[in-house]
Every structure is written in C-alpha cells, then in structure tokens.
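1. Prediction below, plus the sequence it came from.
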Amino acid sequence: MKKSINIGLIGCGVVGTGVANNLLNIESAERNLPCEIKLKKIADLYPFKERPYKIPVDLFTTNADELLDDPEIDIIVELIGGCGFALKVIKDALMRKKSVVTANKALLAEYGQHLAALAKQNEVDLYYEAAVCGGIPIIKSVREGLTCDAIENFRGIVNGTCNYILTRMGKDGMAFDDAVKAAQQNGYAEADPTFDLMGKDSLHKLVLLIANCFGQWIKPEEIYTEGIIGLDQTDIRCAEELGYSIKLLAWARAKDNKLECMVAPTLINKSSMLSGVCDAYNAVEINGFPIGRTLYYGEGAGMNATSSAVTADIIDIARNIYSGSVGRLPVFALKKEEYQLVPAPEMEMRYYLRWKTDDRPGVIAALSKELTEREIGISSVILHEFAKAQPYSIVTFMTRETTEARMKEAIASLNKLDCIQSKTVMLRVESGF
C-alpha cells in the first residue's frame with residue numbers, strides 16, 4: 001500500500017499550470033486522502049516561459065520519456081492536446097501500467113474504445129472528467145451518481161465559446177462577426193475559432209456523453225453536426241419574439257432500442273432552464289428513471305474550472321491506488337443493450353423557418369402551400385413587426401413535428417418561389433425532451 005502517489009505532468013500550458021499549482025498546494029485536499037500526492041516531474045518544451053503561477057524550474061524536463069520511464073511515477077497527466085504525440089503518450093503510459101488523466105476530448109472521441117481496452121488490459125485507470133464541460137463533474141455524476149437510473153435522454157450546452165457568442169448576439173444585439181471578435185478579445189475563443197463554431201468540439205463531447213449515458217460507442221462522423229457559423233441577428237430577434245433563445249445544443253435520446261443524437265443550433269423555450277445559461281457557462285440536463293430530470297451547471301472552460309476537474313481525477317485515482325481498487329469504474333458505461341442509430345433524415349422534430357420576402361399579398365399562402373402539400377403541419381405564422389419599415393417582410397413559420405428528409409425536400413421547393421428574397425433559414429426547435 002503506497003504512502004505517496006507520484007504524478008508526472010506532460011504539458012504545462014494554461015490548464016497544466018493550474019494543475020501544477022493545485023498539486024503543489026494540495027494540503028487542503030489531502031485532508032480527505034490517506035496518502036501524499038506528489039508532483040514529481042513536468043515535461044514541457046518551454047520550461048522557462050512566464051506562467052501565472054510560479055512553478056519550480058527543477059521540476060521541468062523537455063523529455064516526456066523521462067516521466068514515462070520513471071518507475072516511481074504512478075499517474076501520467078496528459079495535457080498536450082491533439083491526436084498525435086498525445087496518443088503516443090497515453091498509450092505508452094497505459095502499457096507501462098501507469099494510470100492516466102487527460103482532458104483531450106478529440107483524442108478520446110476518436111480512440112476512446114481502444115484506450116479503454118488498453119487500460120483494462122493493464123489494470124490501470126483512465127479518467128477524463130475535464131474533457132466534457134470543464135469544471136462540471138458531469139462524467140462522475142453519470143458514472144457514479146446515476147448508476148441506478150435508466151437514462152432516457154440528455155441535452156446540453158457544452159461549448160462555452162459558442163454560448164458566449166450567442167449570448168452577446170442576444171443580449172447586446174451584436175452581429176455574428178462582432179460577437180466572435182468579442183469572444184476572442186475576452187479569451188473565450190481561439191485566434192482561429194472554426195473548430196468550436198462548426199460544432200466539432202461539441203460533437204466530441206457528445207460522443208463521450210453517449211458512451212457514458214448509454215454504453216454505446218458512436219463514431220463522430222456518424223453524428224449529424226451543424227455549427228453556428230453565419231447565424232443571423234435577424235433569427236436571434238425572431239426567436240426572442242416567439243419566446244425562444246437559440247443555443248448550440250448537443251443531445252441524444254434512446255427509445256425502443258433506437259438512438260437519436262445531433263449537434264445543432266436549436267430554439268429553446270424561454271421557460272427552460274437551459275435557455276438561461278449564458279456567457280461561457282455550460283449545462284447538461286439529464287432525464288432518467290427513477291430520478292427524473294437533473295441539471296448540471298457551471299463553468300465549461302478556463303484554467304480554474306478545467307484544472308479543478310483534472311486535479312479531482314488525480315485524487316480519485318490516487319485513492320484507488322492506495323486502496324487497491326484501480327479499475328473499480330469502467331472507462332465508459334457497460335453496454336446494457338444494442339441501440340440502432342437513427343439517421344438524421346429519419347429523425348422527427350419541430351422546425352423554425354424564416355424568410356425575407358416581398359411585401360405583397362399572397363406570400364404567406366404560397367409558403368404555406370409548399371408545406372401542406374408535404375403534410376407538414378404549421379403551428380404558428382408571424383409577420384415580424386421590426387421589419388415593417390423596410391421594403392420587404394420578415395416571415396417565420398413554426399412547424400409541427402416532421403422528418404428532417406421531408407423538411408429538406410420542402411425547403412428545396414420553397415427556395416424556388418419568386419416571392420422570397422433570400423433562401424430559407426431552417427433551425428430546429430426543442431421537442432421530445
């Protein structure tokens with residue numbers, strides 16, 4: 001039974017610096033620990049760069065193999081990012097029977113199954129709380145807090161960058177491009193934020209949530225993903241008038257051995273708790289039996305939130321090592337049943353449709369005709385007040401539930417009408433949760 005658990009940290013950027021600082025000042029956490037946790041070595045290419053916390057220089061090396069080869073290091077913390085060298089580090093660590101903590105959601109979404117098998121084979125742990133929703137302990141909540149419950153569905157705002165941009169568009173009336181610049185200036189978006197804006201970051205988190213909630217492994221390329229690039233201020237205003245806010249939503253639901261999942265900008269009713277999640281915050285709502293609905297909310301990114309989650313994983317694994325219970329939790333949920341993935345064109349949901357049209361009689365009748373001919377029900381039609389002074393009209397329809405395929409077919413015909421001045425804008429509306 002080890003009295004000291006030694007940690008090797010590979011990657012000391014923003015989050016890594018926070019983790020190093022946590023581990024160097026861990027006395028308060030050790031009140032709940034029967035053993036000492038010691039940061040033994042840090043591998044980073046820039047040991048002398050200025051950091052927000054002072055980290056002793058003698059802890060650094062530029063050679064990650066020093067940590068992987070050190071028999072005294074029990075846990076490797078990978079905070080490099082990417083799927084190249086980081087994958088090699090994690091595989092090498094697991095094969096050397098060292099437990100691993102990572103925040104690398106892209107790598108796990110692509111190689112999680114393989115790495116989970118490797119961890120099991122070598123009887124070590126692979127923890128990754130910080131990979132999904134930063135400081136919210138959503139993985140721990142699902143893996144340990146909801147083990148009694150049959151999860152029926154979940155939906156979440158899991159990307160802080162996009163949520164911040166949509167918040168600025170909604171609260172401050174910013175245009176999309178201006179909101180992106182504001183996110184960059186405030187440290188919420190990368191210099192090139194395309195990965196976030198296209199929904200790819202949310203997609204990788206969705207893969208991991210599905211693996212934990214349903215025990216099903218879905219490849220990222222199998223999930224329909226749509227980002228927020230080009231979202232118009234007009235739609236923010238129209239949604240507001242309709243009683244909705246627009247959020248980039250990642251969701252999944254299982255029923256009758258079928259699994260539906262998607263990442264897409266979605267209209268959420270103002271009465272929903274998710275509608276009030278603003279700025280760079282994340283939230284996930286889970287619905288299961290017998291627990292019902294639960295909501296998990298908190299900071300989704302940044303040094304403090306993410307380093308807190310990484311450090312908590314380190315402490316959990318240290319407890320496992322000390323008590324001889326490594327591997328007590330599977331890396332992902334054990335599969336309870338086989339779900340058939342429903343292709344996006346076959347999914348049924350409600351839709352928001354918006355047009356810039358000629359300001360003349362007969363327009364709404366022409367739009368309605370294209371939908372009714374395809375048996376798509378209409379729940380509301382609004383000619384928006386804010387465009388009344390313009391030489392055109394802004395018209396929105398809210399539909400009843402229909403399939404994605406039927407809606408896309410209708411839009412192809414709608415876009416050919418001579419009464420519309422811009423192509424149909426289509427957004428999904430929350431339903432079935």
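-> Yep, it's here.
2. what ranges of the stretch 201-350 of the chain fall below the confidence cut-off?
-> Applying pLDDT under 70 to the stretch 201-350 of the chain flags residues 336.
3. So which residues of the stretch 201-350 of the chain form strands?
-> According to DSSP state E, counting those that start in this stretch, the stretch 201-350 of the chain carries its strands in the segments 224-225, 244-255, 258-269, 281-289, 292-299, 340-341, 348-357.
4. Summarise which helices and strands the first one is packed against.
-> Using 3 or more CB pairs under 8 Å, 6 or more residues apart in numbering; DSSP states H and E as the contact criterion, the elements in contact with strand 224-225 are helix 200-213, strand 258-269. Placement of C-beta: from N, CA and C, glycine included.
5. And for the last one?
-> With contacts defined as 3+ CB pairs under 8 Å, 6+ apart, the secondary structure elements packing on strand 348-357 are helix 233-242, helix 363-372, strand 393-399, strand 402-403, helix 404-414, strand 425-429.
6. relative to strand 258-269, how tilted is it?
-> Computed by axes from the mean of the first three to the mean of the last three CA atoms, to 10 degrees, the angle separating strand 348-357 from strand 258-269 equals 40 degrees.
7. what's strand 348-357 in contact with?
-> 234-235, 238-239, 242, 244, 267, 363, 367, 379, 392-404, 407, 411, 414, 419-422, 424-432 (CB atoms under 8 Å, 6 or more residues apart in numbering).
8. From the residues you listed, list the buried ones, please.
-> 234-235, 238-239, 242, 244, 267, 363, 367, 393-400, 402-404, 407, 411, 414, 419-420, 424-430 (16 or more other CB atoms under 10 Å).
9. buried set for stretch 284-300?
-> Those would be 284, 285, 286, 287, 288, 296, 297, 298, 299, 300, for stretch 284-300 by 16+ other CB under 10 Å.
10. next one: that stretch to chain centre, how far?
-> 14 Å (CA atoms, centre = their mean, to the nearest Å).
11. Give me the contacts around it.
-> 133-138, 141-142, 146, 148-160, 163, 209, 213, 273-274, 277, 280-283, 305, 433.
12. one more time with 6 Å
-> Residues outside stretch 284-300 that contact it (CB atoms under 6 Å, 6 or more residues apart in numbering): 133-136, 138, 149-156, 160, 273, 282-283, 305.
13. Which ones among these lie within strands?
-> 150, 151, 152, 153, 154, 155, 156, 282, 283 (DSSP state E).
14. was I right about the second one contacting residue 213?
-> Yes. Taking contact to mean CB atoms under 6 Å, the distance of 4.5 Å between residue 151 and residue 213 places them in contact.
15. Could you check which of those two is surrounded by more residues?
-> Shown here are residue 151 and residue 213; by other CB atoms under 10 Å, residue 213 has more neighbours (26 against 23).
16. The more buried one touches residue 152, doesn't it?
-> No. Between residue 213 and residue 152 there is no contact under CB under 6 Å: 9.4 Å.
17. Show me just the buried residues among the contacts of stretch 284-300.
-> 133-136, 138, 149, 151-156, 160, 282-283, 305.
18. so which of the helices and strands packed on strand 348-357 comes closest to residue 52?
-> Closest to residue 52 of the helices and strands packed on strand 348-357 is helix 233-242 (CB to CB; 35.1 Å).
19. From residue 101, how far off is residue 127?
-> With the distance defined as CB to CB, to the nearest Å, residue 127 ends up 5 Å from residue 101.
20. shared neighbours of these two, which are they?
-> Common neighbours of residue 127 and residue 101 (CB under 6 Å, 6+ apart) are residue 313.
21. Take the buried residues of stretch 284-300 and write them to JSON lines, including distance to residue 175.
-> Output for the buried residues of stretch 284-300, formatted as JSON lines (distance: CB to CB, whole Å):
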{"residue": "284", "distance to residue 175": "29"}
{"residue": "285", "distance to residue 175": "30"}
{"residue": "286", "distance to residue 175": "34"}
{"residue": "287", "distance to residue 175": "35"}
{"residue": "288", "distance to residue 175": "40"}
{"residue": "296", "distance to residue 175": "32"}
{"residue": "297", "distance to residue 175": "28"}
{"residue": "298", "distance to residue 175": "29"}
{"residue": "299", "distance to residue 175": "26"}
{"residue": "300", "distance to residue 175": "24"}
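22. Taking the residues you listed together, which two end up most distant?
-> Longest span within these, CB to CB: 288 and 299, 24.6 Å.
23. which non-adjacent residue is nearest residue 39?
-> Setting aside the residues directly before and after it, residue 39 is nearest to residue 23 in space (CB to CB, 6 or more residues apart in numbering), at 4.1 Å.
24. Is the one you found within a helix or a strand, and which one?
-> Element membership of residue 23 [criterion: DSSP states H and E] is helix 14-24.
25. and what of residue 38?
-> strand 36-43.
26. Can you name the residues that contact residue 267?
-> 239, 244, 246, 352, 427, 429.
27. cool, residue 252 as well?
-> 210, 261.
28. Which residues does it form beta bridges with?
-> Bridge pairing for residue 252 (DSSP bridges) gives the partners residue 154, residue 261.
29. quick one: furthest residue from the center of this protein?
-> residue 361 (44.6 Å; CA atoms, centre = their mean).
30. What about that residue? Give its phi and psi, please.
-> Recorded main-chain torsions at residue 361 are phi -60, psi 150, according to degrees, to the nearest 10.
31. From residue 404, how far off is residue 313?
-> 38 Å.
32. Now do the one helix or strand residue 5 maps to and strand 36-43, the angle between them.
-> Using DSSP H and E, residue 5 sits in strand 4-10. Put simply, strand 4-10 runs at 20 degrees to strand 36-43, going by the same axes, to 10 degrees.
33. of all the contacts of residue 267, which comes closest to residue 175?
-> Using CB to CB, the contacts of residue 267 come closest to residue 175 at residue 246, 14.4 Å.
34. in terms of contact, does the closest one touch residue 239 like I think?
-> Yes. Counting by CB under 6 Å, residue 246 sits close enough to residue 239 to count as a contact (5.2 Å).
35. Residue 332 is in contact with residue 209, isn't it?
-> No. The pair residue 332 and residue 209 does not pass the contact test of CB under 6 Å, sitting 10.3 Å apart.
36. out of those two, which sits in the more crowded spot?
-> Ranked by neighbour count (other CB under 10 Å), residue 332 and residue 209 place residue 209 first, with 26 against 23.
37. So which of the contacts of residue 267 is the closest to residue 191?
-> residue 246 (25.0 Å).
38. dump the residue contacts of the closest one.
-> Contacts of residue 246 by CB under 6 Å, 6+ apart are 166, 239, 265, 267.
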